[in-house]
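> below are the sequence and a predicted model for it; my questions follow.
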Amino acid sequence: MIAPKIARRAQGKDAVGLLREFYPECTVTRSSSAKELRRDMRKALASFHPDRSRSKSLEEQIKAEEIFKVLSHANQQLSK
């Protein structure tokens with residue numbers, strides 16, 4: 001289940017909007033190529049992957065997992 005606060009932040013945003021919201025290091029813009037968007041999406045997914053947040057507090061782990069779910073869904077939509 002996606003946390004309501006994260007779900008509200010993600011509501012109505014496209015993949016670029018999601019990346020910029022949850023992954024500030026993102027370099028994509030609306031005019032970026034699909035290749036650049038996929039590259040940044042992979043980086044964001046890797047940074048929020050649940051296996052990478054095991055050493056963090058439980059609260060941070062849960063937040064990272066929820067963001068990972070939102071970004072994974074956006075990535076699936078891009079892959080179609």
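In hand now; what should we look at?
> any idea how far the spatially most central residue of the chain is from His49?
By C-alpha atoms, centre = their mean, the chain has its centre lying nearest to Leu71, at 3.2 Å. Here the criterion is C-beta to C-beta, to the nearest Å. By it, Leu71 lies 10 Å from His49. For the C-beta atoms, the positions are set from N, CA and C on the backbone; glycine is no exception.
> and the helices in this protein?
4-10, 15-22, 34-48, 58-79 (DSSP state H).
> pull the residues that contact the second one.
Right, helix 15-22. Defining contact as C-beta atoms under 8 Å, 6 or more residues apart in numbering, one finds that helix 15-22 is touched by 9-10, 13, 26, 28-30, 32, 37, 40-41, 44, 48, 67, 70-71, 74-75, 77-78.
> which of those are buried?
9-10, 26, 28, 32, 37, 40-41, 44, 48, 67, 70-71, 74-75 (16 or more other C-beta atoms under 10 Å).
> closest one of these to Glu59?
If you rank the buried ones among the contacts of helix 15-22 by distance to Glu59 using C-beta to C-beta, Ile67 comes first, at 12.8 Å.
> verify the stated contact: the closest one with Phe48.
Yes - judged on C-beta atoms under 8 Å, Ile67 makes contact with Phe48 at a distance of 4.8 Å.
> low pLDDT regions in the protein?
Within the chain, the ranges that satisfy pLDDT under 70 run 1-10, 24-27, 80.
> make it 80
Within the chain, the ranges that satisfy pLDDT under 80 run 1-32, 34, 53, 77-80.
> contact partners for Ser72?
Residues counted as contacts of Ser72 (C-beta under 8 Å, 6+ apart) are Leu45.
> ok, now how distant is the closest residue to Ser53 other than its chain neighbours from Gln76?
Spatial nearest neighbour of Ser53, excluding adjacent residues (C-beta to C-beta, 6 or more residues apart in numbering): Ala64 at 4.2 Å. Distance, Ala64 to Gln76, using C-beta to C-beta: 18 Å.
> neighbour count: the two, which is higher?
Using other C-beta atoms under 10 Å as the criterion, Ala64 and Gln76 rank with Ala64 on top: 19 against 9.
> right, I'll call it a day here.
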